[in-house]
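> the following block contains a protein sequence and its predicted model.
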Amino acid sequence: MLEAPRLPLREVELPRPELGPGQVRLRVLACGVCRTDLHISDGELPEPKLPLVLGHEIVGTVIEGGRTFAPGARVGVPWLGWTCGTCRYCTTGRENLCDEARFTGYHLDGGYAEEAVADERFCFPIPESYPDVQAAPLLCAGLIGYRSLVRAGDAERIGLYGFGAAGHIVAQVAHSRGRRVFAFTRPGDDAAQALALRLGAVWAGDSAARPPEELDAAIIFAPAGELVPAALRAVRKGGSVICAGIHMSDIPSFPYELLWGERTVCSVANLTRRDGAELLGLAPEVPIHTEVEVFPLGEAEHALDRLRAGEIHGAAVLRM
Ligand SMILES: [Zn+2]
Ligand SMILES: [Zn+2]
């Protein structure tokens, strides 16, 4: 439990919440550790529910409640935990932007726990072929990566800035579609660069480096604002730079000529349930193989520390 930002997580016993209509109680099997959890616990995102159970990449089995899933069914719970269904965004296929949206592990208690409660309308069946710990990173890292890739349109040469949980998943999807991936990592992160090449990237290098050829699009996963002008420098005329993180340091000012030539900078926020259905549908076909480092629940704080230090290759996952 996070009692306040910047305090270490504490192991506590909580009363079992009453289920509301349409809610399911889950036995949590695994929960991914996302960079967003770091931003919440470091106080970089405003007004989390407090105290809070973090975690929005939950894989669990249904214990009781709801009508959609039979007890024992294995489901995933993503970041998008509830939407109003009536605002201008919800009614136009953009529920990811809902004004009233509530997010798992931020406004709602999440999955760093033995049990969790979720709205059944926002739970996805998990493809059978995936072990629990390998499925968990698909539920946020995979989804935001997929949404970013869709936003990149038909770009053939795609730069990925930051090659962690999201990058290593989207690289596999992009590669399977015949796109060419250029992976940018923290300077000197040889392990991440080796992973990128193993997953089909045609080039891997430091984030400050220029790629060997122009890019059609760049997706920025790392929370570093200085990567925006760097990525604009790397994309061709008409290309786009897509910012996929929920939080980023300030973007430094840059000469207009970097944007000139109909280059675009945009962000990708959250997910829709349609993104979830699409990604989980194609994951076994690609097939996406997630690289995971597994921690017991009691070591959640340690997992966050390793993520903060850039020591995780692929994705960190808690196993209950
Ligand atoms: Zn709404
Ligand atoms: Zn996340």
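Right, received. Where do you want to start? It should be emphasised that the depicted structure is a prediction, and the values quoted were computed from it without experimental measurement. Numbers count the residues shown, from 1 in each chain. Ligands and ions are numbered 1, 2, ... in the order given.
> what does the stretch 151-300 of the chain put close to ligand 2?
Proximity of the stretch 151-300 of the chain to ligand 2, by CB under 5 Å from the ion, involves no residues. Every C-beta, even on glycine, is put in place using the N, C-alpha and C of the backbone.
> how about the helices in the stretch 151-300 of the chain?
Per DSSP state H, counting those that start in this stretch, the stretch 151-300 of the chain carries helices over the ranges 165-176, 190-198, 227-234, 273-282, 300-308.
> the residue of the stretch 101-250 of the chain found nearest ligand 1: neighbour count?
The nearest approach of the stretch 101-250 of the chain to ligand 1 comes at A101, 6.5 Å away (CB to the ion). For A101, the count of nearby residues is 21 (other CB atoms under 10 Å).
> what confidence value was assigned to the residue lying farthest from the centre of the chain?
Most distant residue from the mean C-alpha position of the chain: E257, 31.6 Å away (CA atoms, centre = their mean). pLDDT, the model's per-residue confidence, is 98 for E257.
> swap in the one 4 residues further on?
At G261 the predicted local confidence, pLDDT, stands at 98.
> quick check: it touching K237?
Yes: here G261 reaches K237: they are 3.6 Å apart, a contact under CB atoms under 8 Å.
> and these two? Which one has more around it.
A direct count of neighbours by other CB under 10 Å for G261 and K237 places G261 higher, at 12 against 9.
> now that one: how far from ligand 2?
33 Å (CB to the ion, to the nearest Å).
> tell me how many other residues crowd S176.
14.
> for it, give its distance to ligand 2.
23 Å.
> residues contacting the nearest residue to that residue once chain neighbours are set aside?
In this structure, S176 finds its nearest non-sequential neighbour in V286, 4.6 Å apart by CB to CB, 6 or more residues apart in numbering. Residues near V286 by CB atoms under 8 Å, 6 or more residues apart in numbering: 172-173, 176.
> so, low pLDDT: which residues of the stretch 1-150 of the chain?
By pLDDT under 70, the stretch 1-150 of the chain has no low-scoring segment.
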